[in-house]
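J.: build the 3D model from these lines:
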Amino acid sequence: MPTPHSMPPSASARARLAAAVLRSRDRADRRSGTGRPEEGGGPGDEGRPAGSPLSTGADASGGPAVPGETRGGAVPPPGGGEPPRGDGTGPPSGDGDGPPSGGGAGRPGRRRFRPTLLGLLGVTLAAMCVTLLLIQTFVGTFRTGDPGAAPTPTPDVVATPPGGTVRIMVAGDSIAQGSSGDHTWRYRLWRHLESGADVDFVGPYDDLLDAATGDFGDHSYADPEFDRAHAAVWGATAEDVAAGIGEQVAQHDPHYLLLMAGTNDLVRGGTAEDALNGVRDAVDTARVARGDIRVVLGELTPVWGTGADEETNTEVAAFNSALPRLAAQLNGADSPVVVAATADGYDPADDNWDTTHPNARGEVKIAAAFADTLAGPLGLGEPYPRPLPEVEIGPRTAPEVQVADDGTEAVLTWDPVPGATSYQVLQQRVRPDPDDLVPLPMEVAGAAPDEGRTARVDRLLSGATYAFVVRPYKGGDAGRASERVEVTVDTEPPPAPERVRIEEDGGGPVLVWEPVAEAGHYEIWSRPLECRPDPTPSPGRGRDAADGDCAPRDGEGPRTGAGWAGVAVVDGDPRWPIAADGHGAYEFAVRSHRDYVPGGFSTPVSHPD
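T.: So this is what the prediction gives:
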């Protein structure tokens, strides 16, 4: 029977050792005066309320927060904050990073690693690790120092990948997890690696965050055909990652840890040193669970449009400048630690879909940086091809739109598409008098998958045919537009005018009729009467048709009779002066109109009668 010292520690034992290391380190920090400030919502909190509101201003600690972001979290999409993970690895309480009301109710908070009585093995190994780390803490070799100092280059690392299937764990926050409709940079890295290496992405999760509701558990990837396992949590700080990474590494046993965390520390008002200390703790804890783990640390990408860009990006730059020095401190012969230049060439105005999160272009740049580092110092796979590919941004699914006529309005309906945070409606009059396709001054918000979207377009011209297009947006990125749909609106013709007559008002004869409520304007039609000249003309005048016997030609109106022609259009008052030319006899009819819809003709009247 093997002795206790010859037995390998179990996954749960390794996780408990990792927790013991962190607790011992914190106690040592407080004794030596070098510990990090204790803040509400630290890794020891027992969960957080379900229903914390979103914040668009300062967070609970008074620091800058990204507009639209769950306080302290990398910016969540409209519709809600981040619910805690059911396994307790969600963000801690006190950070305001809560779900929409009702979300996550009844879920357990974060579980601490609490040592239990598992025999002498756990106690002995924990004591050894604590002793070593206390020595390192008092000596100071693990402290990051001044993040504004000149960076220390990562030492040359020469490593070879393990044989067989290579297990890779991606850990971090929302930038690694992604939200509905994303490919994610995990997808782009996996696609690149799997073409030339046998890789298996591992981790406790496989989901996205729903961009419309703020709920976990979404699986609407732009392309779900890849190894989706990961260990990233929307809203997690670097310390949050450190609190859970030991158990995750112990359970999934990755050969490589790709860690990109710290953005949430900074947008909550923390400093680069706070974030670096959290990254350091995460690496230390992961190593307790697996001593030979290979670690790639990602730089933080800058933010844009937050209202506090200068302050936040100053801390981002300080973090990135100090990251190689931290990697050099942590680097070990059996467990190399290297840096991926994920911020190199990253333009947040073009590469983010909102203030913080990468769009498809940003995903490619982050994946390429990790691939280059894996291929170079660590010998896994090939560098990412250059130039980087051109990729489409915005939601990749086009809405399927239906349109119906509702009086003088067009009603458009469609089902939400993955990742869309809003929709733009474009309109064109097709006939008559075609115009251009233009966006309407309206925006339709995104919605949960089971909540259809509706847009009502008013102020349309009756009888006209319109075309509509709906284009989804994720943040500021336009996606694939719908097919054109057409509808002709309000085609019911108005009734014919009644009581058409000719009156004298002192200025001459006037054609008068009763107004038609459904009409917008009227058209006057006329044709000459048929007259037989009077054989005895009036004294002083020549022979004139008006002096003869005049009558309608055939008793037919403009719809069926011959010789009728439109002579005037009348807006407003239902009256029209008949021009006096001194001679001639005519019959008149009035037709009602509503925009482009012609209505009925009145009964003709004659003048002179």
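J.: contacts, neighbours, all on C-alpha from now
T.: Noted.
J.: all strands of the stretch 251-400 of the chain, in order?
T.: Taking DSSP state E, counting those that start in this stretch, the strands of the stretch 251-400 of the chain run over residues 256-260, 294-298, 337-340.
J.: SS state for S606?
T.: Counting by DSSP: H, G, I helix; E, B strand; the rest coil, the backbone at S606 sits in strand.
J.: ok, and the closest non-adjacent residue to it?
T.: Distances taken as CA to CA, 6 or more residues apart in numbering put E587 closest to S606, at 3.9 Å, once the chain neighbours are dropped.
J.: distance check, the one you found against E392.
T.: Separation of E587 from E392 (CA to CA, to the nearest Å): 66 Å.
J.: who has more neighbours out of those two?
T.: E587 (21 against 14; other CA atoms under 10 Å).
J.: I'd assumed L511 was in contact with the more buried one.
T.: No - counting by CA atoms under 8 Å, E587 sits too far from L511 to count as a contact (10.7 Å).
J.: distance between the helix or strand harbouring G566 and the chain's centre?
T.: Assessed by DSSP states H and E, G566 sits inside strand 565-571. The chain centre lies 53 Å from the centre of strand 565-571; the measure is CA atoms, centre = their mean, to the nearest Å.
J.: can I get the CA coordinates of it in CSV?
T.: C-alpha atoms of strand 565-571 as CSV (Å, rounded to 0.1, in the frame of the first residue of the first chain):
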residue,chain,number,x,y,z
ALA,A,565,-60.9,66.1,-68.8
GLY,A,566,-59.5,67.1,-65.5
VAL,A,567,-59.2,70.9,-65.2
ALA,A,568,-58.3,71.7,-61.6
VAL,A,569,-57.3,70.3,-58.2
VAL,A,570,-58.8,71.8,-55.1
ASP,A,571,-57.3,71.5,-51.5
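J.: quick check: mean pLDDT across that strand?
T.: Strand 565-571 comes out with an average pLDDT of 95.
J.: coming back round to it: specify the beta-bridge partners of the residue nearest to S606.
T.: Taking DSSP bridges as the rule, E587 bridges to R527, S606.
J.: got the contact list for it?
T.: E587 sits next to S526, R527, P528, L529, P552, P604, V605, S606, H607 when contact means CA atoms under 8 Å, 6 or more residues apart in numbering.
J.: at 6 Å instead, please
T.: S526, R527, V605, S606, H607 (CA atoms under 6 Å, 6 or more residues apart in numbering).
J.: and the pLDDT at it?
T.: 94.
J.: equivalent analysis for E530, please.
T.: 89.
J.: how about the one 4 residues further on?
T.: Note for D534: predicted pLDDT of 65.
J.: A250 in helix, strand or coil?
T.: Here A250 is recorded as helix under three-state DSSP.
J.: cool, R456 as well?
T.: Classified using three-state DSSP, R456 is strand.
J.: roughly how far does it sit from S422?
T.: As defined by CA to CA, R456 lies at a distance of 15 Å from S422.
J.: what does G163 give?
T.: In terms of CA to CA, G163 sits 47 Å off from S422.
J.: neighbour count: these two, which is higher?
T.: Remark: of G163 and S422, S422 carries more neighbours, 21 against 7, as counted by other CA under 10 Å.
J.: contacts only, for the more buried one.
T.: V444, A445, G446, Y473.
J.: E486 versus the residue nearest in space to the middle of the chain, what's the distance?
T.: Centroid-nearest residue in the chain: K474, 2.9 Å away (criterion: CA atoms, centre = their mean). In this view, K474 and E486 are 26 Å apart by CA to CA.
J.: for D284, same thing?
T.: Relative to E486, and taking CA to CA, D284 is found at 62 Å.
J.: for G307, same thing?
T.: 42 Å.
J.: cool, H219 as well?
T.: From H219 to E486 the distance is 33 Å (CA to CA).
J.: again with A562
T.: 36 Å.
J.: out of those two, which sits in the more crowded spot?
T.: Set A562 next to E486 and count neighbours by other CA under 10 Å: E486 wins out with 20 against 12.
J.: distance check, the more buried one against A410.
T.: In terms of CA to CA, E486 sits 10 Å off from A410.
J.: same thing with P515?
T.: 27 Å.
J.: remind me which residues of the protein are low pLDDT?
T.: When residues are selected by pLDDT under 70, those of the chain lie in 1-158, 534-548, 580-583, 609.
J.: got the angle for whichever strand or helix holds H593 vs strand 565-571?
T.: Using DSSP H and E, H593 maps to strand 586-594. Here strand 586-594 runs at 50 degrees with respect to strand 565-571, directions being taken by axes from the mean of the first three to the mean of the last three CA atoms, to 10 degrees.
J.: I'd say V597 and T465 touch.
T.: No - V597 is not in contact with T465 according to CA atoms under 6 Å; the separation is 11.4 Å.
J.: which stretches in this protein count as helices?
T.: Using DSSP state H, the helices of the chain run over residues 11-32, 120-139, 174-177, 185-194, 238-252, 263-267, 272-289, 309-330, 348-351, 360-375.
J.: could you export the third one as PDB, CA atoms only?
T.: Only the C-alpha atoms of helix 174-177 are listed here, as PDB (Å, rounded to 0.1, in the frame of the first residue of the first chain):
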ATOM      1  CA  SER A 174     -16.600  39.000 -20.600                       C
ATOM      2  CA  ILE A 175     -13.900  39.700 -23.200                       C
ATOM      3  CA  ALA A 176     -13.200  36.000 -23.200                       C
ATOM      4  CA  GLN A 177     -16.700  34.700 -22.600                       C
END
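J.: and the contacts of that helix?
T.: Contacts of helix 174-177 (CA under 6 Å, 6+ apart): L208, A232, V233, W234, H357.
J.: contacting residues for the fourth one?
T.: When you say that, I think you mean W234. D173, S174.
J.: do you know how far it is from V512?
T.: With CA to CA as the criterion, W234 and V512 are 73 Å apart.
J.: the second one too?
T.: With distances taken as CA to CA, A232 is found 78 Å from V512.
J.: ok, the two, which is more surrounded?
T.: A232 (30 against 19).
J.: isn't the more buried one right up against G178?
T.: No - judged on CA under 6 Å, A232 makes no contact with G178 at a distance of 8.8 Å.
J.: what number of residues lie near the closest residue to D595 other than its chain neighbours?
T.: Closest residue in space to D595, ignoring its immediate chain neighbours: S462 at 5.3 Å, by CA to CA, 6+ apart. By other CA under 10 Å, the residues close to S462 number 22.
J.: from E409, how far off is S462?
T.: 9 Å.
J.: common neighbours of these two, please.
T.: Counting by CA under 6 Å, 6+ apart, nothing touches both S462 and E409.
J.: return the set of residues that bridge with V457.
T.: Bridge pairing for V457 - DSSP bridges - gives A410.
J.: before we move on, back to that, neighbour count: P515 and A410, which is higher?
T.: Neighbour totals were compared for P515 and A410, and A410 leads with 23 against 19 (other CA under 10 Å).
J.: now do the strands in the stretch 501-609 of the chain.
T.: 501-504, 509-512, 521-528, 530-532, 549-551, 565-571, 575-577, 586-594, 597-601, 605-607.
J.: what packs against the fifth one?
T.: Using 3 or more CA pairs under 6 Å, 6 or more residues apart in numbering; DSSP states H and E as the contact criterion, the neighbours of strand 549-551 among helices and strands are strand 530-532.
J.: how distant is the strand it packs on from the center of its chain?
T.: 76 Å.
J.: begin at 166 from here
T.: Renumbered: residue one is now 166, and that last one reads strand 695-697.
J.: buried set for it?
T.: Counting neighbours by 16 or more other CA atoms under 10 Å, one finds that the buried residues in strand 695-697 are E695, C696.
J.: I'd like to know which elements it is packed against.
T.: Using 3+ CA pairs under 6 Å, 6+ apart: strand 695-697 touches strand 714-716.
J.: which neighbours does the strand it packs on have in its sheet, and in what orientation?
T.: Partners of strand 714-716 in its sheet, by DSSP bridges: strand 695-697 (antiparallel).
J.: nearest residue to A632 other than its sequence neighbours?
T.: Nearest to A632 is E651, by CA to CA, 6+ apart, at 4.3 Å.
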